[in-house]
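Q: got a predicted structure here, sequence first:
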Amino acid sequence: MFIRQLTYLVALSQTQHFGRAAELCNVSQPTLSGAVRSIEEEFGLPLVRRGRRFEGFTPEGERVLKWARRVLADCEGLRQEAGVSRASLAGSLRIGAIPTALPLVPLLTDACLHRHPGMRHEIYTMSAAQTLKQLLDLDLDVGLSYLDDERLRSFEKIPMFREQYVLIARDEAQFHGRTSMTWMEAAELPLCLLTGNMQCRRGIDAALAQAGASVQPRVETDSLMALYAHVRCAGLFSIVPHSVLCLAEMRDELKAMPLTPGLHRDIGLVLLDRQPRSPLLDAAVGLFREVNLQSRLDALLHL
């Protein structure tokens, strides 16, 4: 019953609502509330701030919550370990990816889907900061993110590819026979760019500043599909990592040109530096390492 109570506590942190947490755990709200109170009584600590509704965790509750997540993750790893000798791997692998790397996730999960029919995948798009937080909270198993982030010192990093930033347009005629373009020249074009809160855009702004240019995009969006639509349908240009060309629409209907000097950033898997890994995560990481993302991406530019 104690493990179940910890599950209720983690569900409450995820939903921030007693009723939704109870629904997530398939129990009644009084059952969940009673279980949380039971933990508080056992520890002799107030874990939850209550008013008319859930108002968050106390500082003591936040500390207990960290241990609860760790205990539940270890229990799930133990369950998988115990089942390895009896059957194929089964369970859910939770992956968080930055938006520009999201199109690459199917290239990674493909081998898992074929090799381990019992392995399921939950895939979320989120910022680099959100990815790290959810890894620390054990709400994610693995992230796909930038590796030049100073916050990654306490994480395990596995390089997967180096992205190159390119200028994209609706058709080749818009390039007027050019085979490359400088950042200063690109800044003078009517642009649709990702929003300034995204790391991708911050890298673009830094490259423009280094070239002595600044830019005022005609359109800004946090959606790759909206960006694609404005380049495709409104005749705008954009600057993106070449990884997004994995999207069928962009690969087939847009043209890309390298920018000079080149801007490159390393992307890879990010995991908690914690052993042992669960058998499910260990198997997935092994298969992910076998995928040569670099060659697949560079082929899109005929490099």
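A: That came in fine, so what should we check first? If you're wondering where the values come from, they're calculated on a predicted model, not measured in any experiment. Numbers count the residues shown, from 1 in each chain.
Q: all helices of the stretch 51-200 of the chain, in order?
A: 59-83, 105-115, 128-136, 183-187, 199-210 (DSSP state H, counting those that start in this stretch).
Q: ok, of those, where does mean pLDDT dip lowest?
A: Lowest mean pLDDT within the helices of the stretch 51-200 of the chain: helix 59-83, a mean of 81.
Q: tell me which helix or strand of this structure sits lowest on mean pLDDT?
A: helix 248-253 (a mean of 66; mean pLDDT, DSSP states H and E).
Q: following that one, which helix or strand shows up next?
A: Proceeding N to C from helix 248-253, the next assigned helix or strand is strand 255-260, under DSSP states H and E.
Q: can you lay out the helices of the stretch 51-200 of the chain as TSV showing distance to residue 229 and mean neighbour count?
A: Bear in mind the C-beta positions are built from the backbone N, C-alpha and C, glycine included. Formatted as TSV, those follow (distance: least, C-beta to C-beta, whole Å; neighbours: other C-beta atoms under 10 Å):
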stretch	distance to residue 229	mean neighbour count
helix 59-83	39	15
helix 105-115	21	16
helix 128-136	25	18
helix 183-187	20	18
helix 199-210	18	17
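Q: nearest to residue 255, of these?
A: Judged by C-beta to C-beta, the one of the helices of the stretch 51-200 of the chain that comes nearest to residue 255 is helix 183-187, at 14.0 Å.
Q: circling back: a markdown table for the helices of the stretch 51-200 of the chain, including distance to residue 258?
A: Rendered in a markdown table, the data for the helices of the stretch 51-200 of the chain read as follows (distance: least, C-beta to C-beta, whole Å):
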| stretch | distance to residue 258 |
| --- | --- |
| helix 59-83 | 43 |
| helix 105-115 | 22 |
| helix 128-136 | 25 |
| helix 183-187 | 11 |
| helix 199-210 | 13 |
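Q: give the buried residues for stretch 294-303.
A: For stretch 294-303, burial by neighbour count (16 or more other C-beta atoms under 10 Å) applies to 297, 300.
Q: list the contacts of it.
A: By C-beta atoms under 8 Å, 6 or more residues apart in numbering, the residues outside stretch 294-303 that reach it are 104, 107, 160-164, 166, 242-243, 245-246, 251, 256, 258.
Q: next: stretch 238-251.
A: For stretch 238-251, contacts defined as C-beta under 8 Å, 6+ apart pick out 100-101, 103-104, 107, 161, 163-168, 186, 191-194, 200, 204, 224-225, 227-228, 230-232, 254, 256, 259, 265, 267, 296-298, 300-301.
Q: among those, which are located in strands?
A: Counting by DSSP state E, the contacts of stretch 238-251 place 161, 163-168, 192-194, 256, 259, 265, 267 in strands.
Q: now, the most widely separated pair of those residues?
A: Greatest spatial distance among those (C-beta to C-beta): 161 and 192, at 24.5 Å.
Q: stretch 146-155: end-to-end distance?
A: Taking C-alpha to C-alpha, to the nearest Å, the first and last residues of stretch 146-155 lie 12 Å apart.
Q: return the set of buried residues in it.
A: 146, 147, 149, 152, 155.
Q: and this structure, split by domain according to the record?
A: According to automatic domain parsing, the chain comprises the domains 2-80, 88-161+266-296, 163-264.
Q: pick out the shakiest of those domains, pLDDT-wise.
A: Least confidently modelled of the domains of the chain is domain 2-80, at a mean of 86 by mean pLDDT.
Q: show me how far it is from its chain's centre.
A: Put simply, domain 2-80 sits 25 Å off its chain's centre (C-alpha atoms, centre = their mean, to the nearest Å).
Q: now do stretch 205-220
A: 25 Å.
Q: and residue 197, what does it touch?
A: Residue 197 makes contact with 127, 222, according to C-beta under 8 Å, 6+ apart.
Q: once you drop chain neighbours, what's closest to residue 77?
A: Spatial nearest neighbour of residue 77, excluding adjacent residues (C-beta to C-beta, 6 or more residues apart in numbering): residue 278 at 3.7 Å.
Q: so the one you found versus residue 79, what's the distance?
A: As judged by C-beta to C-beta, to the nearest Å, residue 278 and residue 79 stand 9 Å apart.
Q: again with residue 109
A: If you measure residue 109 against residue 79 using C-beta to C-beta, the figure is 22 Å.
Q: repeat for residue 195
A: The gap separating residue 195 from residue 79 is 41 Å, by C-beta to C-beta.
Q: do the same with residue 229
A: The gap separating residue 229 from residue 79 is 44 Å, by C-beta to C-beta.
Q: try residue 11
A: To residue 79, residue 11 is 18 Å away according to C-beta to C-beta.
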